[in-house]
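Participant: my questions concern the predicted model and sequence given below.
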Amino acid sequence: MDVISEVSKIINIPKEDLIAKGMLAFVEKEIRLSELDIADIRDRYNVTTKDELYEKIKSKNVESHPAWEDYITWKNKEQYIFDLKEKLKIIR
């Protein structure tokens, strides 16, 4: 017997429900962690949007390195969050 089946029996819920709930919890956690990463970048540069960060980089109000990497990270995290939220609609 596999571990998922064993846990399913212990907590007395169907295997499919256990997998769905685990996936839901994992995706929600990933979203929260990504939002925290974005919040860290906001705090670091005292901005509220990635466009503000871009303008600060462009006008040389902040050092371009590592600000460019943080800007790219922010963009990627936003897309990651969007993609995960789309999957959440299906999971729920």
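Facilitator: Right, received. Where do you want to start?
Participant: show me how far the longest helix along the chain is from its chain's centre.
Facilitator: Taking DSSP state H as the criterion, the chain has its longest helix at helix 15-45. Taking the mean C-alpha point of helix 15-45 and that of its whole chain, the gap between them comes to 5 Å (CA atoms, centre = their mean, to the nearest Å).
Participant: just the mean pLDDT for it, thanks.
Facilitator: Throughout helix 15-45, pLDDT has a mean value of 96.
Participant: tell me what angle whichever helix or strand comes after that helix forms with helix 15-45.
Facilitator: Using DSSP states H and E, the helix or strand that follows helix 15-45 in sequence is helix 50-58. Relative orientation of helix 50-58 and helix 15-45, computed by axes from the mean of the first three to the mean of the last three CA atoms, to 10 degrees: 40 degrees.
Participant: buried set for helix 50-58?
Facilitator: Of the residues in helix 50-58, those buried by neighbour count under the rule 16 or more other CB atoms under 10 Å are 50, 53-54, 56-57. In short, each C-beta sits where N, CA and C put it, glycine included.
Participant: likewise for stretch 9-18?
Facilitator: Neighbour counts over stretch 9-18 (16+ other CB under 10 Å) mark residue 18 as buried.
Participant: ok, residues contacting it?
Facilitator: Outside stretch 9-18, the residues within contact range by CB atoms under 8 Å, 6 or more residues apart in numbering are 4-5, 7-8, 21.
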